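**Student:** for reference, the sequence and a predicted model appear below.
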Amino acid sequence: MEFVEFLLGGWLKLVIKIRTARKEDEEFIHFNLNNDPGLRDYDSKEISGEDYPKYWVRGILADKKGSLALIAEKDRQKAGFLIAHLLEGVRESILNNIFVVKEFRNSGVGDRLIKTYESFIRKKKFKLSLCLINLDNKKAMRFHEKNGYTGGYDFRFYQKTL
Ligand SMILES: CC(C)(COP(=O)(O)OP(=O)(O)OC[C@H]1O[C@@H](n2cnc3c(N)ncnc32)[C@H](O)[C@@H]1OP(=O)(O)O)[C@@H](O)C(=O)NCCC(=O)NCCS
């Protein structure tokens, strides 16, 4: 995917460009993954001292087949990102993270990120997009529900360091 451009209405009158992430976006993604409470889902502190280690972000950016990373930009200023794991074999995608910089929230940037992602996986004939949302993250739940996601079971998260 090269890029798509959207003009968002509202008081900000944003022209938002969505493109695939590149190596130079690593720092932006890495910092926000480790600093936005909404993105806290699993814990790699034992391994690397932070929730999302640098190698995780690097791995996503390098893995063109199994991962999708999108960046939303306004005049080259980064406004958000989305990361998904593409499970081609079963035609399912795990929407791992969606994030919008605070000053750009509530103006449709998240909406454009998720729609661009869904149109990408639809073209690949994927059947399902899945995500996990913390029960405390009411805003993210409402956002996903507005975008057609339906809530499933509640889980307790388990992990094992290898
Ligand atoms: C969840 C998150 C990605 C949503 O991003 P966002 O850019 O604020 O989302 P949107 O602007 O598309 O939608 C938010 C609201 O703006 C409204 N909106 C305003 N202008 C809009 C437009 N032009 N198009 C669509 N929606 C618009 C939406 O209707 C929605 O209203 P609601 O909150 O009453 O439902 C963002 O809050 C975020 O980054 N949170 C922290 C990280 C996080 O929790 N991620 C989810 C877990 S991975």
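**Tutor:** Thanks, I have it. Residues are numbered from 1 along each chain as shown.

**Student:** how far does the host helix or strand of residue 93 sit from its chain's centre?
**Tutor:** When elements are assigned from DSSP states H and E, residue 93 belongs to strand 92-100. In this view, strand 92-100 has its centroid 4 Å away from the chain centroid, taken as Cα atoms, centre = their mean, to the nearest Å.

**Student:** could you dump it to PDB, C-alpha only?
**Tutor:** Presented in PDB, the C-alpha positions along strand 92-100 are these (Å, rounded to 0.1, in the frame of the first residue of the first chain):
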ATOM      1  CA  GLU A  92      -7.800 -13.700  10.300                       C
ATOM      2  CA  SER A  93      -6.100 -10.600  11.500                       C
ATOM      3  CA  ILE A  94      -5.300  -9.600  15.100                       C
ATOM      4  CA  LEU A  95      -5.600  -5.900  15.500                       C
ATOM      5  CA  ASN A  96      -2.900  -5.500  18.100                       C
ATOM      6  CA  ASN A  97      -2.700  -1.800  18.600                       C
ATOM      7  CA  ILE A  98      -4.400   1.400  17.500                       C
ATOM      8  CA  PHE A  99      -3.200   4.700  18.800                       C
ATOM      9  CA  VAL A 100      -3.900   8.400  18.100                       C
END
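
**Student:** now do that strand: which elements does it pack against?
**Tutor:** helix 26-35, strand 77-87, helix 109-123, strand 128-130 (3 or more Cβ pairs under 8 Å, 6 or more residues apart in numbering; DSSP states H and E). Every C-beta, even on glycine, is put in place using the N, C-alpha and C of the backbone.
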